[in-house]
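J.: please work out how this folds:
(2 chains)
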Amino acid sequence: MTQVVKINLLEIVDAAQAIQDACDVREAAGLGLRGCFESGGELILIFQGDLKTGG
Amino acid sequence: MRTALISLTAAVALLAGCATQNTVLVATGTVIGVEIGQNPTTGMYNAKLGYDRAEFALVPTTNRYTPDVLVELKYNGIFSTGPESGIYQRLAVGTVAVTQPGAMAMFLRDSSGNISSNTVAALKSLASVPTVNTATTSSLVSIAVAYKNAPDKTPWNDVAKANGYQSFAFFLIDTNLTPEKISAVSSGLKSANLIQ
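T.: Here you go, the predicted structure:
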């Protein structure tokens, strides 16, 4: 599946940490960061992968 | 004429990460090459795709300019006449090109050159995607790591289902998470002795 995540760059102090947290949480769910770009002050993160639902 | 000769496998290579002061080293074990040039008069870029026996290449740069190049090549039985043969290429050159949304969309294609319907839907809904609360996400990290390392996901899924989620993974990627939702799921996880 694909999930698009937006982070408002104006509302965060540590962008690197925010990105790392978003990646860590989604990695646990089974999604990997496919790419990212900035648009209008928002960081767009695109995750793709298969959700981990089993053992 | 500023020229860069790049050899690479079917993978994405961001050359800026391999730069020294005057050259960019690209080393792979392939025979497919991309020649990238910039006309000094017009500033226009041009690129040629071909074959080269080199296993690595030094990309010369001038005036401490490091070329911004984003390249992906897919090579499928180039000498075959079947429908699977050919070269698939994605190329973005220049500071603007490698960072603009269009380049991102280009690289969202899968190895067959298609964009899945799921990806299209995600891109179409980009404007309506809510911005995530980074504080909320941060509070989820320790729970996410514990879930990732858990050998049996079943009790985790049970807690998530009790809180209205299809599975625990869906809970983790919920972009509308609130502190209250996290608190409710956390309580369930603690009751099940899955977290401290």
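J.: tell me where the model's unsure across chain B.
T.: B:1-36, B:45-113, B:118-119, B:122-126 (pLDDT under 70).
J.: where is the longest helix in it?
T.: When chain B is parsed with DSSP state H, its longest helix is helix B:134-149.
J.: quick one: contacts of it?
T.: A:7, A:11-12, A:17-18, A:21-22, A:24-25, A:27-29, A:52, B:153, B:156, B:168, B:172, B:177-179, B:182, B:185-186, B:189, B:194-195 (CB atoms under 8 Å, 6 or more residues apart in numbering or on different chains). Glycine gets a C-beta too; all of them are placed from N, C-alpha and C.
J.: tell me how far A:Cys36 lies from A:Lys6.
T.: Distance from A:Cys36 to A:Lys6, counting by CB to CB, to the nearest Å: 10 Å.
J.: list residues touching both of the two?
T.: Common neighbours of A:Cys36 and A:Lys6 (CB under 8 Å, 6+ apart) are A:43-45.
J.: after the worst-scoring helix or strand of chain A on mean pLDDT, which helix or strand is next?
T.: Ranked by mean pLDDT, DSSP states H and E, the weakest helix or strand in chain A is strand A:31-39, scoring a mean of 81. Using DSSP states H and E, the helix or strand that follows strand A:31-39 in sequence is strand A:42-49.
J.: relative orientation of that following strand and strand A:31-39 in degrees?
T.: Taking axes from the mean of the first three to the mean of the last three CA atoms, to 10 degrees, one finds strand A:42-49 and strand A:31-39 inclined to each other by 160 degrees.
J.: show me the shaky parts of chain A.
T.: In the predicted model of chain A, residues A:54-55 satisfy pLDDT under 70.
J.: residues from it in reach of chain B?
T.: Applying CB under 8 Å from any CB of the partner chain, one finds that chain A approaches chain B through A:1-8, A:11-12, A:17-18, A:21-22, A:24-31, A:34-39, A:42, A:44, A:46-48, A:51-55.
J.: hmm, back to that, which strands or helices does the helix or strand just after the longest helix of chain B pack on?
T.: Counting by DSSP H and E, the next helix or strand C-terminal to helix B:134-149 is helix B:154-162. Helix B:154-162 is packed against helix B:168-172, helix B:179-191, with contacts defined by 3 or more CB pairs under 8 Å, 6 or more residues apart in numbering or on different chains; DSSP states H and E.
J.: got a markdown table for the shared contacts of A:Cys36 and A:Lys6, with distance to B:Ala146 and neighbour count too?
T.: Shown next, in a markdown table, are the shared contacts of A:Cys36 and A:Lys6 (distance: CB to CB, whole Å; neighbours: other CB atoms under 10 Å in any protein chain shown):
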| residue | distance to B:Ala146 | neighbour count |
| --- | --- | --- |
| A:Leu43 | 27 | 19 |
| A:Ile44 | 28 | 19 |
| A:Leu45 | 23 | 22 |
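J.: between the residues you listed, which sits nearest chain B?
T.: Distance to chain B across those (CB to the nearest CB) is lowest for A:Ile44, with 7.0 Å.
J.: beta-bridge partners for the closest one, please?
T.: Beta-bridge partners for A:Ile44, by DSSP bridges, are A:Lys6, A:Phe37.
J.: that one contacts A:Leu9, correct?
T.: No. Contact criterion CB atoms under 8 Å: A:Ile44 and A:Leu9 do not qualify, at 10.6 Å.
J.: in space, what's closest to A:Glu42 - neighbours in sequence excluded?
T.: A:Lys6 (4.9 Å; CB to CB, 6 or more residues apart in numbering or on different chains).
J.: the one you found and B:Asn133 touch, don't they?
T.: No. The criterion here is CB under 8 Å, and A:Lys6 misses it with B:Asn133 at 10.9 Å.
J.: quick check: closest non-adjacent residue to A:Leu17.
T.: You called it Leu, but residue A:17 is Gln. B:Ser138 (7.5 Å).
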